[in-house]
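J.: Sequence and predicted structure below; questions after.
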Amino acid sequence: MSALVPAPTPALPERFANPLRQVRSLLAQPAVRRSLPMALLVTLVGAAALAWLTLSTPTQKTLFTGLPDADKAAVVAALDQANIKSKIDGGTGALTVGEDDYSRARMLLAGQGLPKAAPGGYAILDQLPMGVSRAVEGERLRQARETELARSIGEIDAVAEARVHLATPEASVFVRDNASPSASVILKLNPGRSLDDAQVSSIVNLVASSVPGMKPDAVTVVDQMGALLTHGATDTAGTERLNAQRRVEDKVRTQLVQLLTPLVGANNFTAEVQADVNLDETQATRESYDKAGTLRAETGQWTGDQKTAATPGGIPGALSNTPPVASTVQQPTPVPSPSPTAGAAAPDPAKQSDSYQRAYDLGKEVSVTRAAPGGVKRLSVAVLLRDPEKGKRNGLELQQINDLVKSAVGFDQSRGDQVTVISRKFAGGDTGEAKQPWYDSGWVPVIARNLTAIVIALMVLMLGVRPLAKALMGKREEATPALPAPETISGDEPQVAAPVTLDQLESASGVDDRIATVRGFTRDNPARAALAVRDMIKADAK
């Protein structure tokens, strides 16, 4: 039996056998070699342009992520209207803007109230999936209530932004374990605005009334500076005193600003006011009586002389027919009596003593004086003026300004008010603010990116394009054979080279020599070269 010989594996075509060799052979071709420098030149120019675009484009910063399509369209339209370039990432859908335009874009969108379609308030409850637990449902309800309360508080004119945090404990069946809910409110006020006690109290009552079982004492309100706006009962008197003093000082300071701004300019003066406000409430009562009064009531008794004035006695009718006993007339002993006063009755001669209780109506005057708190006990005002750029203010001008300030603040010398007006040079008069370092300015990164792109482009041109151009031009010069140098004789005048013959064409060796010889023959015999070209064209046509 003959052994089975395995069939030979078909060899790969020669063009796929050695790719590296094929590439080398391709690059060795004259046409490829001639076009290779131009291709490298185009590649380097493209790389330089790409580097320029990459480095000159500012760094992108994410503005919003996960926006709905309607909100995204509104934001892009607002940015385009403000000439702010924005990009939308195709993968994540994030909206990005240049790092230099990030802050301006945020302020612009915030001023227009964008984005608007973010879910909030009770709209969160519409997104609850089926079968959520009771705890998740309660947290969503609390979050919706917080958002709605924050929106309601944000409608107040002085409030720019508000956040509400509710602490609502779980209800328990045991009375002793029941805890009252509480709330915390943080407010971001508009610049230069403040809330008075009535507005803070309204915010507290609004939050307390929106949560079942919450008392106003369990609500805490804080502003963006960390100042506590809700005060307890123990601090009410002190807070009222400070608020009254602040109101008086603000009123006086406003009057000074309105008076001095047209006179010396808005930034050419500063004024400070210290007011001592009397918040003591006084009450006085006074009673006065007339010396002469009027008799209102009298009670009492008096006794007389029994010897001279016998009182009738006996039983009426028993001894009425009996003649009386003869009596002897006696002179009564006079009883001294006080001298009669004006308006008093004449003394009774038979009265020996009396005992009376008399009540008189006297004139009465009651005066009640109550001084309301809030009066100014003492006022101190200090005004500092900026000296003009040239010269100084004279004494007469300062005295006139002093008199104007006294008239504006209601100066009263009797209560010890003080007004001081001086004029000095301000420190750092024109700057107003400390200058930031130059390397922290916004134009530094832009210039750095542009300079880096320019340097890279120059390096590509000088180190890549220029050598390639030189090499390309050198190869072209090598490909063009040099004509024989003209022969010279005793003089400096060049002689014309000898004409090229057909024998020279046939004897030329190499492609370059033959090309040079053909060029010389064509130059010397243009008519014969034209006839040869014509014959070649006719031959190709046949």
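T.: On my side now, so go ahead.

J.: hey, where'd the strands end up in the stretch 201-350 of the chain?
T.: 219-223, 269-278, 282-289, 294-304 (DSSP state E, counting those that start in this stretch).

J.: which outside residues touch the shortest one?
T.: Spelled out, it's strand 219-223. Residues from elsewhere that reach strand 219-223 (Cβ atoms under 8 Å, 6 or more residues apart in numbering): 182-189, 195, 200, 203-204, 207-208, 228-230. Just so you know, the C-beta spots here come from the backbone N, C-alpha and C atoms, and that holds for glycine as well.

J.: Of these, which qualify as buried by neighbour count?
T.: Burial by neighbour count, 16 or more other Cβ atoms under 10 Å: within the contacts of strand 219-223 this picks out 182-183, 185-187, 189, 195, 200, 203-204, 207-208, 229-230.

J.: remind me, longest helix of the chain?
T.: In the chain, taking DSSP state H as the definition, the longest helix is helix 236-264.

J.: Now that one: buried residues?
T.: Buried residues in helix 236-264, counting neighbours by 16+ other Cβ under 10 Å, are found at 244-245, 248-249, 252-253, 255-256, 259-260, 264.

J.: pLDDT averaged over it - what is it?
T.: On average, the pLDDT along helix 236-264 is 83.

J.: Tell me the secondary structure of residue 160, please.
T.: Look at residue 160: counting by DSSP: H, G, I helix; E, B strand; the rest coil, its state is strand.

J.: What's the local residue count around it?
T.: By other Cβ atoms under 10 Å, 15 other residues sit near residue 160.

J.: how much space between it and residue 226?
T.: 16 Å (Cβ to Cβ, to the nearest Å).

J.: what pLDDT does residue 185 get?
T.: Per-residue pLDDT puts residue 185 at 94.

J.: just for the stretch 351-500 of the chain, where's the confidence low?
T.: Within the stretch 351-500 of the chain, the stretches with pLDDT under 70 are 351-354, 360-367, 369-374, 428-436, 442, 472-500.

J.: ranges for the helices of it?
T.: All helices of the stretch 351-500 of the chain, identified by DSSP state H, counting those that start in this stretch, fall at 395-409, 443-460, 466-479.

J.: Can you redo these as JSON lines, where the extra columns are distance to residue 280?
T.: Compiled in JSON lines, those are given as follows (distance: least, Cβ to Cβ, whole Å):
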{"stretch": "helix 395-409", "distance to residue 280": "23"}
{"stretch": "helix 443-460", "distance to residue 280": "61"}
{"stretch": "helix 466-479", "distance to residue 280": "93"}
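
J.: Which one of those lies nearest to residue 115?
T.: With respect to residue 115, and counting by Cβ to Cβ, the nearest of these is helix 443-460 at 28.2 Å.

J.: could I get that closest one in CSV with only the CA atoms?
T.: Once non-C-alpha atoms are left out, helix 443-460 reads as follows in CSV (Å, rounded to 0.1, in the frame of the first residue of the first chain):
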residue,chain,number,x,y,z
TRP,A,443,-6.9,87.1,29.8
VAL,A,444,-3.9,85.2,31.0
PRO,A,445,-5.2,81.7,30.1
VAL,A,446,-6.4,82.9,26.7
ILE,A,447,-3.1,84.4,25.8
ALA,A,448,-1.3,81.3,27.1
ARG,A,449,-3.4,79.0,24.9
ASN,A,450,-2.9,81.1,21.8
LEU,A,451,0.9,81.4,22.3
THR,A,452,1.2,77.7,22.9
ALA,A,453,-0.7,77.0,19.7
ILE,A,454,1.5,79.5,17.7
VAL,A,455,4.7,78.0,19.1
ILE,A,456,3.6,74.5,18.2
ALA,A,457,2.7,75.6,14.7
LEU,A,458,6.1,77.3,14.3
MET,A,459,7.9,74.3,15.5
VAL,A,460,6.1,72.1,13.0
